[in-house]
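Enquirer: This is a predicted model, with the sequence first.
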Amino acid sequence: MRASHRLTFWIKGAQALALAVAVCFSLGASNASSRFNNLSHRLMCTCGCAQLLGECNHVGCTESGRERNELSAAIAAGDSDQQILASFAAKYGATALAAPRTHGFDLVAWIAPFAVFAAALLGTILLVRRWSIGKTPVPAEVHDPAADALREKIRRETDAGNEGEF
């Protein structure tokens, strides 16, 4: 009986935790200010400052205020996020988007860095393998009795064994 109470306790605790997580993630999901914040960080200011629209703060920027007003109006009109992003891209060009789209030719912007890295890695591996091919390991010293006798004769004649004496 005691084990079933523990199991019930843990099940109810897990349900409460799941409910709390769901509530936390859904808070502000439809809030206009959170949508504005989210979308303004997915768009670039078109004045040439290379900052996100939500972060553009340089003095005298004539574009950011107008673009923020357009974004607020689109959110108030009930446009979806994709519609808003598409309208900004159509009006200001693809450079108005902070990240390239994931379809069509824009997909190259996502794939190219990984492809270049993979090609460089493959080239490096092939180059190292090519350098190592043909390099034979240094063979262990072969003891030839005739060579050993010759070395010993040279040592005796040159007094190489008496290194400390002059």
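Expert: Received the coordinates, thanks.

Enquirer: From now on I want contacts and neighbour counts done on CA atoms only, so please keep to that.
Expert: Noted.

Enquirer: need the helices for the chain, in chain order.
Expert: 2-26, 32-40, 63-76, 81-92, 107-132, 145-158 (DSSP state H).

Enquirer: any weak-confidence spans in the chain?
Expert: Where the chain drops to pLDDT under 70, the residues are 1-3, 14, 16-30, 136-142, 160-166.

Enquirer: ok, now with 50
Expert: 28-29, 166 (pLDDT under 50).

Enquirer: would a markdown table of the helices of the chain with mean neighbour count and distance to Gln51 be doable?
Expert: Conversion of the helices of the chain to a markdown table gives the following (neighbours: other Cα atoms under 10 Å; distance: least, Cα to Cα, whole Å):
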| stretch | mean neighbour count | distance to Gln51 |
| --- | --- | --- |
| helix 2-26 | 11 | 28 |
| helix 32-40 | 17 | 11 |
| helix 63-76 | 16 | 10 |
| helix 81-92 | 15 | 15 |
| helix 107-132 | 12 | 19 |
| helix 145-158 | 11 | 76 |
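
Enquirer: Among those, which comes closest to Ala99?
Expert: Closest approach to Ala99 among the helices of the chain (Cα to Cα): helix 107-132, 9.1 Å.

Enquirer: Show me how the record splits the protein into domains.
Expert: 1-29, 31-99, 101-134 (automatic domain parsing).

Enquirer: got a markdown table for those, with distance to Ala149 too?
Expert: Converted to a markdown table, those look like this (distance: least, Cα to Cα, whole Å):
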| stretch | distance to Ala149 |
| --- | --- |
| domain 1-29 | 85 |
| domain 31-99 | 77 |
| domain 101-134 | 33 |
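
Enquirer: The helices of the chain: which one's closest to Cys47?
Expert: helix 63-76 (5.6 Å).

Enquirer: Quick check: which helices or strands does the closest one pack against?
Expert: If contacts are counted by 3 or more Cα pairs under 8 Å, 6 or more residues apart in numbering; DSSP states H and E, helix 63-76 sits against helix 32-40, helix 81-92.

Enquirer: As a markdown table, those helices with distance to Arg66 would be great.
Expert: Formatted as a markdown table, the helices and strands packed on helix 63-76 follow (distance: least, Cα to Cα, whole Å):
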| stretch | distance to Arg66 |
| --- | --- |
| helix 32-40 | 12 |
| helix 81-92 | 12 |
